[in-house]
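In: predicted model and sequence below, questions to follow.
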Amino acid sequence: MPVKYSVKAKTSRMDTVRALVDGGSLVLFDHGNRLVSFRLPRPAGEAMAGILYFRGFPMIAAAEANGVANNAQLFSAIGETVCSGLTVGKGKDSDIELDNVDISIGNLVKLEAVELRHF
């Protein structure tokens with residue numbers, strides 16, 4: 001049987017993630033190939049009801065490589081990995097919402113939204 005957390009516990013865990021990524025970055029990848037990096041604000045967002053809602057959207061950054069964004073990672077301000085395996089897509093069913101997942105070097109990439117849900 002899977003572990004079940006209270007909403008208060010989920011929110012506390014998401015607030016800890018928020019504190020770790022304040023001033024850090026969100027990086028999009030294509031199977032391990034780094035495509036684009038977005039600097040996160042301080043505070044990066046707000047945790048409510050077990051969900052971490054990120055702030056500062058839309059965010060725009062120049063692509064560093066060509067590829068199709070299919071996963072993302074969150075890093076602390078000192079470059080430590082905080083969270084990996086985030087989903088990327090055009091719709092609200094993904095952790096990371098983009099206007100376009102096909103990325104070309106030098107082009108501007110628009111990050112629409114980021115929400116992390118504790119399950």
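Out: Here it is on my side, so go on.

In: chain center to the lowest-mean-pLDDT helix or strand in the chain, what's the gap?
Out: The weakest-scoring helix or strand in the chain, judged by mean pLDDT, DSSP states H and E, is strand 96-98 (a mean of 87). Centroid separation between strand 96-98 and its chain, computed with C-alpha atoms, centre = their mean, to the nearest Å, is 8 Å.

In: just the strands in this protein please.
Out: Taking DSSP state E to define them, one finds strands in the chain at 25-30, 33-39, 45-48, 51-54, 59-62, 67-68, 71-75, 81-86, 88-89, 96-98, 102-103, 108-117.

In: distance from the fourth one to the middle of the chain?
Out: A distance of 10 Å separates the centroid of the chain from that of strand 51-54, by C-alpha atoms, centre = their mean.

In: so what's the residue count around residue 50?
Out: If you count neighbours by other C-beta atoms under 10 Å, residue 50 ends up with 19. Just so you know, the C-beta spots here come from the backbone N, C-alpha and C atoms, and that holds for glycine as well.

In: separation between it and residue 81?
Out: Residue 50 sits 22 Å away from residue 81, going by C-beta to C-beta, to the nearest Å.
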